[in-house]
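Asker: structure of the sequence below:
(2 chains)
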Amino acid sequence: MRQEHLDHDAVIRAVVDGESAPQKEHLDQCAACRELVDELQSDLAEVGRRSRAIAPRPTKAFAWSHAVQPAQARPWNWPRNWLWPPAAGAMVAALLLAVVWLGLRPDSPAPAPLRLTETMPLAGLMDAEPEPVGGFFGFLVAENISGQEQDFFSAGDDDSDIGAEGAILWPG
Amino acid sequence: MLYYRVSNQADAEDLCQEVFIKAFARIATLRQPESVRAWLYGIALNQSRDFLRKRRMLSIFKSTPQGENPDTADESRAGHAGDAALDAAAARRFRQKLAHFRQSLPRLQGEVFTLRYMDELTIPEIAQALGRSQSTVKTHLYRAVERFKKSPGLVRELREVAQ
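Answerer: All right, here's what the predicted structure looks like:
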């Protein structure tokens, strides 16, 4: 049976793969294909041989710098390693987070839950003198609102704490 | 190999020196001493790439080209021992055609072709130097050889001189 010759791609593959080419068995038996592969390999080898032959030789001697030292394992240097920018950045970020967290913490403990411990007659509350509003809100009220209107903002006017039985519920 | 990449003898010599200095400084990072050639070529490839990038940047601001013209390089070295076997005109013609062929290839194909046939590295060594797989290297080499086969000028030039 007559074997088919290698096509163009197979010849190139045989050149690139060399001795490990799957076409090796065919190349061992087919002189024509072997010649094609050898010719291309020879041309490529000639490129290398000629390019090396015409490459200029060095004109100056190699100058070895005395400052060059081979890399060696360096001992742990805490200031350098700790001040390494990413580590320093992470430390600063952690510090900022801690400061922000401490700053947002409430100074006083959370208020106790509302319990029905004591009742106060509504009439007594109505008679009680209204407490002035303090702080910045009180300052704004005092500066900008008339006396009659100020009573409206005073403590005791708010009836939201009035219980179902008409009594104020106080936290215990 | 550096000369064919930077096309300038003085630059190639400087780069070669830098490659060996860098290799010496990093010798502790060489894990497989048997693959020193591929490792050295890897450093040289990175150095030449950096150099060419810098040269391209500088050429934007300079009117004169930085690279030596490979076509005229032979004339300045007419009496050079390396050119003794070939006459200067033939060497110039070959260099010109080789440069033209390499420029016609995509970057990676050109690198692989140069490393395989001009620097005579094996495919595993090329793969290591370029940081690519062997199958990738073979694919690029296959395409480069195909283009080489189709470039009649370079092949004819080679055969004429060989006769």
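Asker: next secondary structure after the worst-scoring helix or strand of chain B on mean pLDDT?
Answerer: In chain B, the helix or strand scored least confidently by mean pLDDT, DSSP states H and E is helix B:70-76, which has a mean of 49. Downstream of helix B:70-76, the next assigned helix or strand under DSSP states H and E is helix B:88-104.
Asker: near chain A at all, that next one?
Answerer: Yes: shown here: helix B:88-104 in contact with chain A (C-beta under 8 Å from any C-beta of the partner chain) through B:A91, B:F94, B:R95, B:L98. C-beta coordinates here come from the backbone N, C-alpha and C atoms, glycine included.
Asker: tilt between the lengthiest helix in chain A and helix B:88-104?
Answerer: When chain A is parsed with DSSP state H, its longest helix is helix A:31-54. Helix A:31-54 runs at 110 degrees relative to helix B:88-104, counting by axes from the mean of the first three to the mean of the last three C-alpha atoms, to 10 degrees.
Asker: tell me which residues of helix A:31-54 come out buried.
Answerer: Using 16 or more other C-beta atoms under 10 Å in any protein chain shown as the burial criterion, the residues of helix A:31-54 that qualify are A:33-34, A:36-37, A:40-41, A:43-44, A:46-47, A:49-51, A:54.
Asker: same deal with stretch A:12-27?
Answerer: Those would be A:I12, A:R13, A:A14, A:V15, A:V16, A:D17, A:A21, A:Q23, A:H26, A:L27, for stretch A:12-27 by 16+ other C-beta under 10 Å.
Asker: can you tell me how far the second one is from chain B?
Answerer: From A:R13 over to chain B the distance is 6 Å, taken as C-beta to the nearest C-beta, to the nearest Å.
Asker: quick check, that residue in contact with B:Y142.
Answerer: Yes: counting by C-beta atoms under 8 Å, A:R13 does reach B:Y142; the two are 6.5 Å apart.
Asker: which residues in chain B form strands?
Answerer: With DSSP state E as the definition, chain B shows no strands.
Asker: what ranges do the helices span in it?
Answerer: B:2-6, B:9-25, B:36-61, B:70-76, B:88-104, B:107-113, B:123-130, B:134-149, B:152-162.
Asker: could you say which one of the ones you listed comes nearest to A:F62?
Answerer: Of all these, it is helix B:9-25 that lies closest to A:F62, at 6.1 Å by C-beta to C-beta.
Asker: isn't B:E18 up against B:Q47?
Answerer: Yes: with contact defined as C-beta under 8 Å, B:E18 reaches B:Q47; the gap is 5.8 Å.
Asker: more neighbours: which of those two?
Answerer: Each of B:E18 and B:Q47 has its neighbours counted (other C-beta atoms under 10 Å in any protein chain shown); B:Q47 has more, 20 against 16.
Asker: need the contact list for residue 45.
Answerer: Since no chain was named, I'll use chain A. By C-beta atoms under 8 Å, 6 or more residues apart in numbering or on different chains, the contact list for A:A45 reads B:Y117.
Asker: actually chain B
Answerer: Applying C-beta under 8 Å, 6+ apart to B:L45 gives the contacts B:E111, B:A129, B:L130.
Asker: could these be laid out in a markdown table, adding neighbour count?
Answerer: Shown next, in a markdown table, are these (neighbours: other C-beta atoms under 10 Å in any protein chain shown):
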| residue | neighbour count |
| --- | --- |
| B:E111 | 23 |
| B:A129 | 25 |
| B:L130 | 20 |
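Asker: check what pLDDT residue 24 gets.
Answerer: Going with chain A. pLDDT for A:K24: 77.
Asker: should've been chain B
Answerer: pLDDT recorded at B:F24 is 85.
Asker: do B:G42 as well
Answerer: On the pLDDT scale, B:G42 is placed at 89.
Asker: and if you look at the one 4 residues further on?
Answerer: If you check B:N46, the pLDDT there is 89.
Asker: next: B:L121.
Answerer: 90.
Asker: and the contacts of stretch B:134-144?
Answerer: Stretch B:134-144 is contacted by residues A:12-13, A:16-17, B:105, B:108-110, B:112-113, B:116, B:123-124, B:126-127, B:130 when judged by C-beta under 8 Å, 6+ apart.
Asker: now, the most widely separated pair of those?
Answerer: Greatest spatial distance in the contacts of stretch B:134-144: B:L105 and B:P124, 21.6 Å, computed using C-beta to C-beta.
Asker: which one's more surrounded, those two?
Answerer: Taking neighbours as other C-beta under 10 Å, B:L105 and B:P124 compare with B:L105 leading, 19 against 12.
Asker: and the more buried one, backbone torsions?
Answerer: phi -90, psi 150 (degrees, to the nearest 10).
Asker: find the residue closest to it in space, skipping its chain neighbours.
Answerer: In space, and not counting its chain neighbours, B:L105 is closest to B:A144: 5.7 Å by C-beta to C-beta, 6 or more residues apart in numbering or on different chains.
Asker: what's the answer for B:L154, then?
Answerer: Spatial nearest neighbour of B:L154, chain neighbours left out: B:K97 (4.6 Å); criterion: C-beta to C-beta, 6+ apart.
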